[in-house]
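**Student:** Let's see this in three dimensions:
(4 chains)
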Amino acid sequence: MSETDFTSNEMMTIAASRALKNTDVCFVGIGAPSAACNIARLTHAPDVTLIYESGTIGTAPQVLPLSIGDGELCDTAVTTVSVPEMFRYWLQGGRVTVGFLGAAQIDRFGNINTTVIGDYDHPKTRLPGGGGAPEIASSCGEIFITLKQSKRAMVDKIDFFTSFGHGEGGDHRQRLGITTKGPTLMVTDLAVWKPDPVTREFTVVSLHPGVTREMVQAECGWTVRFADKLEETPAPTGIELSTLRDLNARTKAAHSGGKTGEAA
Amino acid sequence: MSETDFTSNEMMTIAASRALKNTDVCFVGIGAPSAACNIARLTHAPDVTLIYESGTIGTAPQVLPLSIGDGELCDTAVTTVSVPEMFRYWLQGGRVTVGFLGAAQIDRFGNINTTVIGDYDHPKTRLPGGGGAPEIASSCGEIFITLKQSKRAMVDKIDFFTSFGHGEGGDHRQRLGITTKGPTLMVTDLAVWKPDPVTREFTVVSLHPGVTREMVQAECGWTVRFADKLEETPAPTGIELSTLRDLNARTKAAHSGGKTGEAA
Amino acid sequence: MAQFMTLPEAVAQNLNSGDTAAFEGFTHLIPHASAHEAIRQGIKDLTLVRMTPDVVYDQLIGMGAVKKLIFSYAGNPGVGLLRRLRDSVENGWPHAIEIEEHSHAAMANAYEAGAAGLPFAAFRGYKGAELARVNPNIKSVTCPFTGEELAAVPAIRPDVTFIHAQKADRKGNVLIEGIVGVQKEAVLAAKRSVITVEEIVDDLDAHPNACVLPGWAVTAICLVPGGAHPSYAHGYYSRDNASYIAWDKIAAERDTFLAWMKDNVLDARPEDFADRIKHLRSAA
Amino acid sequence: MAQFMTLPEAVAQNLNSGDTAAFEGFTHLIPHASAHEAIRQGIKDLTLVRMTPDVVYDQLIGMGAVKKLIFSYAGNPGVGLLRRLRDSVENGWPHAIEIEEHSHAAMANAYEAGAAGLPFAAFRGYKGAELARVNPNIKSVTCPFTGEELAAVPAIRPDVTFIHAQKADRKGNVLIEGIVGVQKEAVLAAKRSVITVEEIVDDLDAHPNACVLPGWAVTAICLVPGGAHPSYAHGYYSRDNASYIAWDKIAAERDTFLAWMKDNVLDARPEDFADRIKHLRSAA
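**Tutor:** Numbering: from 1, shown residues only, chains lettered A, B, ... in the order given. Sure thing, here's the model as predicted:
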């Protein structure tokens, strides 16, 4: 049972959610990953452990949090620890199997920039910065990335190496003494990408339903490589889609309402 | 109002208790110091903060604990933290004004041995070891010591430097880069001792009521120095004595009782 | 030893122009009232420290109170970028600020080292990350046992840390519950601390292992109900999300920003925060 | 992922002769039942780690299960010295054990570093203390910012850590309350962990910031009511002080020691602990 009427954003979130296993311990990055991680939890991976950098471990929010530090993350968590403990015992301690990151700018090797557009000292656009990403990228067992494709986001050369993916490719991680796998999956609104086993360049392995190679290339700033055996991403199932839509509806209802908001 | 009928142990505990101020934050060492610290809290220093290395901060036990980790220390504490936090944030953080130590063996410069009697590798007697003492001795603002005098305990040369007092005397602490004051007071069952301002050798400044210089020397393994102006320790007041005796009675009642104790 | 006083008194006594100051909070319990009071008192040349500078740091920067920012993630949480910070960094308005940028792991470890009285923190980090190129305060140490090279950053030791907490008892012991962030470390790392609280109670009624700061480890406590608005205080009131969204528009232009600051900060008082959270009180 | 099993199964699956093992607890929640099971299974050549080795380590040493002891304070709490440890160190009975001795600060930091996945811990310690002369695992590192020299010790990384806790839920999440000691760190620092608990419940009902070990960070959970006897379990039963006093006499002679071990350990079972604490149950 699959639905044919879904948006590319819905497809992205659902395809990303499928990558998480029930036994994973997942460090949930800011933004897009949060929806994917919670859909995984609400569908095929009810026991997946979700960790947010605010210190909430094993959280199970009813609605998507507005930030990584919402009260509901704490209310539904197995435990909430201090931020130093989170980064020392839980992330650096090597206990997290998957780090799920978004990206403002990314290159073909999964290196991510969320720091600046332009020169660091005189930036064209000052972005938020790395937050937890630099050590999520090196300490988690592997890294999943999810983002909406655009030529502005997927670039030949990123302006700043906020977090390290596969560097210049090949065994660059090992040469830096990083023992974790790094980016092993990227899910966009158009396709599923995996790194080439040798070069580590992200390669399209699956096109979402209705998406062509040309559409993927049109929204990517480098020359896209496609796998020899290119698959089609299974469309969202009815359950996946209704779970996502219910979550979004609950989230919208919970976070809107008649608040004045004039005195920030 | 003072009592004339008291034991030398009672005099020791009470004289030691007088050294703590209401504003002190005191790290309470194992053994003899515990009674002195709690008598201070129960008499002139009701707001003194007592810390035990088990992680209990601001504790106010009704009876003397059997160990540094009794449940009552936690029940009456302002908060109970983990042992790593205790040693990192609270002791090393420089927040403790007084460390109160006992001693199995001590020399004239307040260096303490609780590790071995005899050679370290082939000891005559294996003692418990340093526990918290090495860093209590260097991290607390100053160190108070209390012990019952004997030639076996107060020796010319200690067998092992478990914790550093004034080393060889003089500015030895500063030469090692230790910025805290070290031992500033020693209270025995016979006298009150303070370090000479220059040599740092412990010097008797006050004899307990009824104690002579000869009695102090008879129970000390080095040639005792006496202050030019030797005072007499004020005898315990009625309140001090009744507070101590009540505490000891409560403690005895709480910790005895008809328990079998056969299956340790 | 904690002294109870008004927030204007606490800021006047504990925050000086030129200080290194942390107004800490991790989405939860952001000390807005304290930052507003600092702005009202015209404090300048601050070196501001915080893992997650958000709206309130945007305000301090936009008002020209900040010389330098030490941080790891600067954003309007759940909304987007900080427009006053961008205007300063990209266009130099009202003046350019100096930036010392770290990762969260580095900042968390640096606060922890500060609380522990250590001069630096060592951690496994910054591998392949470019911040190590642009931030001279990222160095390394070598493990004397394994030879592994680890990242090292200086401990954070603010002159003063401001936090907001749920409650204090009459002896000045302070309870923080829920997402506790890095506030305990930020207070213990600082020379002085000012804590605004939702209420002052006879008994904290705290779990034995809850996050409690003893009164003798705190400098000043100020009763400011609602003092974390528009962020939230777990058990007291929820986040005013509309205010975060509104901020994006207010901060977009210098004029609207300055007008808003006059009405809501310069001409306001700490007591006004209580009104701002009335509609956000927890049902509990 | 935590597996529920019997204590004999958990010891058989997780403790091997030659392992480095920590049976941790800080006066509170000492895992006596686990140590007795290890003795019954005839495990040998252990490197035992603990800040405060007490009666239960005296028993392991006296039974010849121990090759090396890493510790910072060895005593019968509130009573005196450990006579079986002394007999081993002073007289080599049943054999001499190797000693690696630290201060509490060093051990606490070393566990913390182990939990944090670091190879070593740096702290301000051992100044003027002679342990640095006799223990080659005490080295130093230099702060790359201030030049200050700090003490360094290797992280503790046991093959297996045993602790006793108040309760677990059915997903294997474990709650420790009261004096929490260094147990969380000891579990997280270890490759494997075995946790005996007083009870298994549907809901931990834990304070959000209480000391909880998630089930996926734990190897085995065993229901052993009374398993901390003669130490105590906060909220469940009090310390059996008479047993600690009695131990001093039992351990004084090799014969009385061996006889006691036969009756109370070798010929006993984990289920016997429940009886031993019946008279010590908290009124609550």
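
**Student:** Let me see the ranges of the helices in chain A.
**Tutor:** A:8-17, A:33-42, A:71-75, A:83-85, A:133-139, A:172-175, A:213-218, A:238-255 (DSSP state H).

**Student:** Dump those helices to a markdown table, plus mean neighbour count and mean pLDDT.
**Tutor:** C-beta: built from backbone N, CA, C; applies to glycine. As requested, the helices of chain A are arranged in a markdown table below (neighbours: other Cβ atoms under 10 Å in any protein chain shown; pLDDT from 0 to 100):
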| stretch | mean neighbour count | mean pLDDT |
| --- | --- | --- |
| helix A:8-17 | 23 | 98 |
| helix A:33-42 | 25 | 96 |
| helix A:71-75 | 22 | 95 |
| helix A:83-85 | 27 | 98 |
| helix A:133-139 | 29 | 97 |
| helix A:172-175 | 16 | 97 |
| helix A:213-218 | 15 | 98 |
| helix A:238-255 | 16 | 94 |
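
**Student:** buried stuff in stretch A:59-76?
**Tutor:** A:59-61, A:63-75 (16 or more other Cβ atoms under 10 Å in any protein chain shown).

**Student:** just these that are near chain D?
**Tutor:** For chain D, the contacts drawn from the buried residues of stretch A:59-76 by Cβ under 8 Å from any Cβ of the partner chain are A:74-75.

**Student:** on that earlier part again, with D:Glu90 as the reference, name the closest of the helices of chain A.
**Tutor:** With respect to D:Glu90, and counting by Cβ to Cβ, the nearest of the helices of chain A is helix A:83-85 at 41.5 Å.

**Student:** Mind giving me the packing neighbours of that closest one?
**Tutor:** helix C:104-115 (3 or more Cβ pairs under 8 Å, 6 or more residues apart in numbering or on different chains; DSSP states H and E).

**Student:** Tell me if the helix or strand following the helix it packs on is near chain A.
**Tutor:** For helix C:104-115, the following helix or strand on the C-terminal side (DSSP states H and E) is strand C:120-123. Yes. For a cut-off given as Cβ under 8 Å from any Cβ, strand C:120-123 has contacts with chain A, namely C:Phe123.

**Student:** cool, and stretch C:75-83?
**Tutor:** Yes. Judged by Cβ under 8 Å from any Cβ, stretch C:75-83 comes into contact with chain A at C:75, C:77-78, C:81-82.

**Student:** Would you format the residues you listed as TSV with distance to chain D, secondary structure and pLDDT included?
**Tutor:** Listed next are these as TSV, based on distance: Cβ to the nearest Cβ, whole Å; DSSP: H, G, I helix; E, B strand; the rest coil; pLDDT from 0 to 100:
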residue	distance to chain D	secondary structure	pLDDT
C:Gly75	25	coil	96
C:Pro77	20	coil	90
C:Gly78	21	coil	87
C:Leu81	31	coil	95
C:Leu82	29	coil	97
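
**Student:** Just name the closest of those residues to B:Glu232, please.
**Tutor:** C:Pro77 (67.3 Å).

**Student:** what bits of chain C have low per-residue confidence?
**Tutor:** C:283-284 (pLDDT under 70).

**Student:** ignore the last one, chain A
**Tutor:** Those would be A:1-4, A:257-264, if you go by pLDDT under 70 across chain A.

**Student:** All the helices of chain C, in order from the start?
**Tutor:** Under DSSP H, chain C gives helices at C:7-14, C:32-40, C:55-62, C:83-91, C:104-115, C:131-134, C:183-189, C:241-250, C:254-261, C:272-276.

**Student:** Ranking those helices by mean neighbour count, which comes first?
**Tutor:** helix C:104-115 (a mean of 30; mean count of other Cβ atoms under 10 Å in any protein chain shown).

**Student:** Against which helices or strands is it packed?
**Tutor:** helix A:83-85, helix A:133-139, strand C:120-123, strand C:149-154, helix C:183-189.
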